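[1] Below are the sequence and a predicted model for it; my questions follow.
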Amino acid sequence: MIRRALVLTLFSAALQAQAPPTIVHGRIVAADTGDPIRNARVGTADGPDAPAALSDAEGRFALAGVPADQREISVAKTGYLSMTVPTVADLEIRLTKGGVITGRVLDDLGDPEALMNVAAFRVRRTGRRVTFERFRATETDDLGEYRLFDLPPGEFVVAAAPGRVGTATTTIPVSLDRIVFRNYYPHAETPETGQRIMVRSGEETPGIDLTEPLPPFGPLLTSSGPSPAAPLPAPRPGGTGAIRGRVMGSDGLPIRRARVQLISGEQLFSPYFVPTDDEGRYEFAGLKAGSYLVTAGRLDRGQVPFSASAGARGPDLLTLAAGAALAQIDITIPRGGVISGRIVDEFGDPIANANIRVEAVVFVRGRRRLVPVPGIASRQTNDLGRYRIFGLPPGRYVVGAVVGETVPGWHTADWPGYARTYFPGSAVPAEAQTVDLAPSQQALTIDFALVRGGIARIAGRATLSDGAPLQGVMSLTQSFRSGAIATPPVLVRTEADGSFVFARVAPGEYVLQAATSRATVSTEGEFAAQYISVNGVDLTGLAVHLSAGSTIEGRLSFDGGDPPEDPDFHLSPVPGDPDLTSLADNAPARADIHDDWTFEMSGITGPRRLQLTQAPDGWALKMVRVNGVDATDALLMFGTAEQSLRDVEVVVTNHVTELTVADAAAGSASAADFRVIAFATDRARRYEGTRYAALGVPGPRGAVVLRGLPPGDYYVVAMGRGAQPDTSGSDPQEFLASLAASATKVTLTEGEHRSLRLRVIGR
């Protein structure tokens with residue numbers, strides 16, 4: 001009997017395992033009013049591949065693809081408590097509104113503390129035993145404000161602790177499990193002695209403010225919080241010099257516990273940090289003679305370099321004599337800019353835990369791209385859909401929001417069907433409206449709704465040139481030819497059979513790439529690129545075949561004498577099309593140059609220019625001949641064995657040009673405070689990475705020397721700091737064209753040395 005029962009049980013389990021997925025129907029309403037709840041998420045689990053659905057305007061839903069053995073489903077909606085319910089034929093799910101605790105975290109002088117970790121601990125009672133469950137956590141903004149939401153009815157205690165630490169360029173989140181809370185509301189060191197806060201459904205409990213004294217002057221923050229016992233090591237023992245000053249805000253008040261960083265110009269030591277005291281003062285002692293850079297920053301304000309020139313973009317290099325002291329190296333840190341707003345769905349309902357990122361528009365590798373802002377972390381929306389990103393330097397930004405995707409360091413809302421959306425409400429980055437911030441400016445109404453629908457799934461299989469499956473990474477980004485702003489590429493790893501899947505791809509024109517690692521310095525990896533148009537319809541069954549590329553063989557010849565004694569020449573095929581430049585940041589090959597000056601390189605794919613990327617002092621590229629034909633600066637196409645080149649002559653010369661530019665106002669206090677730009681008058685020669693452009697700064701004698709420009713016609717401009725705009729987001733072609741009207745035209749012949757005295761503009 002037992003054996004028969006076991007057989008029947010196994011047979012029943014097998015039938016159940018083979019049962020097709022089912023559809024679960026139901027309706028979601030508010031527990032207190034019975035009103036329907038729209039856009040509530042219903043699913044079997046979190047994640048993009050798990051079955052999920054949203055309720056309609058009547059609160060009804062149909063969840064398809066539910067496994068036959070699924071016993072529970074989860075339900076969530078902003079402002080309500082998430083819950084799991086049994087999987088039955090027809091559900092009525094009643095959601096309860098969550099409670100909220102709000103307040104501020106201030107230092108001992110009443111100033112707000114940013115990026116403090118605030119946690120709510122739920123009070124649990126089992127008989128006479130009381131425990132405290134860490135239930136919810138968040139971070140304060142630059143106003144010191146926090147908001148703990150989606151709390152169930154009951155008793156809680158609230159605590160605060162440093163949640164992030166600063167480095168030179170960013171902030172590092174500290175895992176909640178590693179944070180030791182010793183400050184419980186209102187002034188307690190343990191949860192047992194903290195004040196119990198009663199939370200009620202749908203109600204907000206405001207005014208739960210905590211005081212977190214700044215750490216005493218002297219120690220630095222470590223990755224696990226304050227370390228009062230950590231000594232401040234001397235960066236270079238034995239020196240007797242010093243650099244000291246103050247750090248202040250733009251209001252003239254001292255900034256306490258700012259992180260001041262010292263960087264050695266000779267790289268004698270790693271960056272060295274000290275905090276400011278209660279008067280904003282700092283000092284670096286025990287320094288040897290040398291050159292130094294000093295910067296200062298705070299978690300809510302960013303890092304600012306010392307510069308004696310008002311409004312200067314770059315730092316000043318300080319020269320310290322042996323045993324000397326440099327005083328009054330004062331740095332003013334303005335309050336950073338702020339972008340804040342509200343994220344809602346298509347009905348205007350708030351969306352909590354949407355991840356918000358602010359990205360800068362920069363021009364990299366021949367196209368505009370969105371890149372993260374150094375030192376500025378992404379943020380999450382609260383239950384009101386509100387977000388606030390602070391500490392932004394002046395600049396031009398794009399604001400985006402995402403749900404339903406994995407974001408490292410955050411638990412982002414898993415709402416299905418929404419595309420990554422950019423302000424004011426588009427899934428296409430090129431249609432984003434930029435937000436321009438002046439120093440300390442606040443843009444407080446950057447509100448937009450997430451775009452629903454239109455996203456698609458891209459799937460296929462990638463194979464190597466020998467037919468074996470690719471074991472590597474696929475990359476996807478907006479194509480250059482579409483004119484769209486490029487977002488950071490999305491990377492997915494292939495499965496054992498070479499298959500890949502990109503989920504949640506918004507409408508647009510894309511380039512899909514596959515690449516293997518470079519085999520040697522002179523051999524690039526296999527490569528493939530494929531253009532894809534996405535319009536909301538899944539693309540499956542894509543076949544991506546990688547190519548082993550072409551081979552380039554040739555020799556170096558020398559015009560003007562014998563080869564140099566130190567023949568450190570680097571010859572590379574530089575990519576000429578951003579769409580065919582490796583998104584995996586694989587560097588182009590560098591030719592293997594032999595003792596007889598022959599060279600070869602292989603694995604080359606796409607349009608390339610043969611360029612000397614490095615040459616000994618006094619040597620430069622003169623000409624490239626392919627099969628005896630001049631191909632200097634020409635784009636050559638590679639990718640197949642038939643496109644390989646076997647007869648390439650690269651001619652280098654020591655008859656190089658030299659252009660010396662001096663300030664016409666030499667002798668003035670700011671004579672050395674300028675830059676010189678020289679660029680070809682022919683727009684066709686202003687391509688990305690061109691050798692027909694050069695930038696120089698004054699040398700020890702106060703003049704700029706530009707060596708190695710090819711013979712030709714050039715515009716030359718001398719610019720003071722006041723005329724040096726932030727061109728990171730500008731098209732270099734447009735920027736150079738804007739300089740032509742105020743430039744001096746110069747013609748350089750082979751080996752010519754010329755000198756100019758120019759009036760510096762923008763001083």
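    Arrived safely.

[2] spatially speaking, which residue is in the middle of this protein?
    Note on the chain: the residue nearest the mean C-alpha position is P372, at 2.9 Å, using C-alpha atoms, centre = their mean.

[3] beta partners for that residue?
    E359 (DSSP bridges).

[4] tell me the contacts of it?
    Shown in contact with P372 (C-beta atoms under 8 Å, 6 or more residues apart in numbering): R357, E359, A360, P488. Every C-beta, even on glycine, is put in place using the N, C-alpha and C of the backbone.

[5] Farthest-apart pair in these, please.
    Distance extremes for the contacts of P372: the farthest pair is A360 and P488 at 12.0 Å, using C-beta to C-beta.

[6] overlap in contacts of these two?
    Counting by C-beta under 8 Å, 6+ apart, the residues touching both A360 and P488 are L370, V371, P372.

[7] between A360 and P488, who's got more neighbours?
    A count of neighbours by other C-beta atoms under 10 Å puts A360 above the other of A360 and P488, at 21 against 13.

[8] Can you tell me the closest non-neighbouring residue to that one?
    Leaving aside its sequence neighbours, A360 sits nearest to V373 (C-beta to C-beta, 6 or more residues apart in numbering; 5.3 Å).

[9] cool, and K77?
    Ranked by C-beta to C-beta, 6+ apart and with sequence neighbours excluded, the top spatial neighbour of K77 is A40, at 4.0 Å.

[10] and the gap between that neighbour and T190?
    Distance, A40 to T190, by C-beta to C-beta, to the nearest Å: 39 Å.

[11] neighbour-wise, which of those two wins?
    Ranked by neighbour count (other C-beta under 10 Å), A40 and T190 place A40 first, with 25 against 12.

[12] so the more buried one makes contact with G26?
    No: A40 is not in contact with G26 according to C-beta atoms under 8 Å; the separation is 10.2 Å.

[13] Low-confidence bits of the stretch 401-550 of the chain, can you list those?
    By pLDDT under 70, the stretch 401-550 of the chain contains no weakly predicted segment.

[14] The closest residue to T681 other than its chain neighbours is in what secondary structure piece?
    Leaving aside its sequence neighbours, T681 sits nearest to D713 (C-beta to C-beta, 6+ apart; 4.4 Å). Assigned by DSSP states H and E, D713 belongs to strand 712-720.

[15] Contacts for that strand, please.
    Strand 712-720 is contacted by residues 659, 661, 663, 670, 673-682, 685, 692, 704, 736, 739-740, 742-748, 756, 758-763 when judged by C-beta under 8 Å, 6+ apart.

[16] Point out where the stretch 1-150 of the chain drops to low pLDDT.
    For the stretch 1-150 of the chain, the stretches with pLDDT under 70 are 1-20, 46-49.

[17] ranges for the strands of it?
    According to DSSP state E, counting those that start in this stretch, the stretch 1-150 of the chain carries its strands in the segments 22-30, 41-43, 52-54, 60-66, 72-76, 83-86, 90-95, 99-106, 116-126, 129-139, 145-151.

[18] Turn those into TSV, columns for distance to R625 and mean neighbour count.
    Shown next, in TSV, are these (distance: least, C-beta to C-beta, whole Å; neighbours: other C-beta atoms under 10 Å):
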stretch	distance to R625	mean neighbour count
strand 22-30	70	19
strand 41-43	64	23
strand 52-54	62	22
strand 60-66	63	17
strand 72-76	67	19
strand 83-86	73	12
strand 90-95	75	16
strand 99-106	69	22
strand 116-126	64	19
strand 129-139	61	15
strand 145-151	68	22
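
[19] Can you convert those into TSV and add a column each for distance to H655?
    What follows is those, written out as TSV (distance: least, C-beta to C-beta, whole Å):
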stretch	distance to H655
strand 22-30	79
strand 41-43	71
strand 52-54	69
strand 60-66	72
strand 72-76	72
strand 83-86	79
strand 90-95	80
strand 99-106	67
strand 116-126	64
strand 129-139	61
strand 145-151	67
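
[20] So for G708, which of the ones you listed sits nearest?
    With C-beta to C-beta as the criterion, G708 lies closest to strand 129-139 of the strands of the stretch 1-150 of the chain, at 50.9 Å.

[21] Can you check what angle separates that closest one from strand 145-151?
    Here the directions of strand 129-139 and strand 145-151 differ by 130 degrees (axes from the mean of the first three to the mean of the last three C-alpha atoms, to 10 degrees).

[22] Tell me who's in contact with the nearest residue to E752 once chain neighbours are set aside.
    In this structure, E752 finds its nearest non-sequential neighbour in T657, 5.4 Å apart by C-beta to C-beta, 6+ apart. By C-beta under 8 Å, 6+ apart, the contact list for T657 reads R707, G708, L709, P710, P711, L748, T749, E750, G751, E752, H753, R754.
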